[in-house]
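**Q** A predicted structure for the sequence below; I have some questions about it.
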Amino acid sequence: MREKILTFIEKNSRVDLKELAIMLGVSESSVMQELEQMEAEHVICGYHTIIDWDKVGIEKVTALIEVRVTPQRGMGFDKVAERVYNYPEVTSVYLISGGFDFMVILEGKTLREVSQFVSEKLSTLDSVLSTKTNFILKKYKDHGTVIAEKKKDERIQVAP
């Protein structure tokens, strides 16, 4: 039951518990109890809403920062990651394979604000060797949800 609940709420965290219980063939209280237990165990770490900020008219810049670091002795990458993810501008930190060690995702109001964060805060950390900044210009799909509006078919229908 746990895997099925997680699969449903990963796609739609606003699913009605009664509806979810019916789909799973269990009681609503069983679903609620399982959700509470998974939250306590930190299996479920949070619930998020995907927003198309362009439609709201609020300026927001998202950047993907590739970061190469020197891991700290005895701590590996964890201590470095902790220092980075504690900045409020940082929304995500991932340990990655390839030419860089971390992918850091952060948000700011302007390109300048993000650039300043990278040069004044992130790049100055002792263990950071180099960074590469990539700005998101347009989102088409985020967390499995298509954001881009589908083009209308503007062809004229011709009757036979």
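**A** Yes, it's here.

**Q** By mean pLDDT, point me to the weakest helix or strand of the chain.
**A** helix 53-56 (a mean of 82; mean pLDDT, DSSP states H and E).

**Q** next helix or strand past it?
**A** strand 61-69 (DSSP states H and E).

**Q** What score does the spatially most central residue of the chain have for pLDDT?
**A** What sits nearest the mean C-alpha location of the chain, by CA atoms, centre = their mean, is Ser92, with 6.2 Å. If you check Ser92, the pLDDT there is 96.

**Q** Excluding covalently adjacent residues, which one is nearest to it?
**A** The spatially closest residue to Ser92, leaving aside those adjacent along the chain, is Ile105, at 4.1 Å (CB to CB, 6 or more residues apart in numbering). Where C-beta positions appear, they are placed from N, C-alpha and C, glycine not excepted.

**Q** now do Ala148
**A** Tyr140 (4.4 Å).

**Q** Tell me how many other residues surround the one you found.
**A** Other residues within reach of Tyr140, judged by other CB atoms under 10 Å, total 7.

**Q** Can you spell out which helices and strands pack onto the one helix or strand the residue nearest to Ser92 maps to?
**A** Per DSSP H and E, Ile105 falls inside strand 102-108. Under the contact criterion of 3 or more CB pairs under 8 Å, 6 or more residues apart in numbering; DSSP states H and E, strand 102-108 touches strand 61-69, helix 78-85, strand 90-95, helix 111-117.
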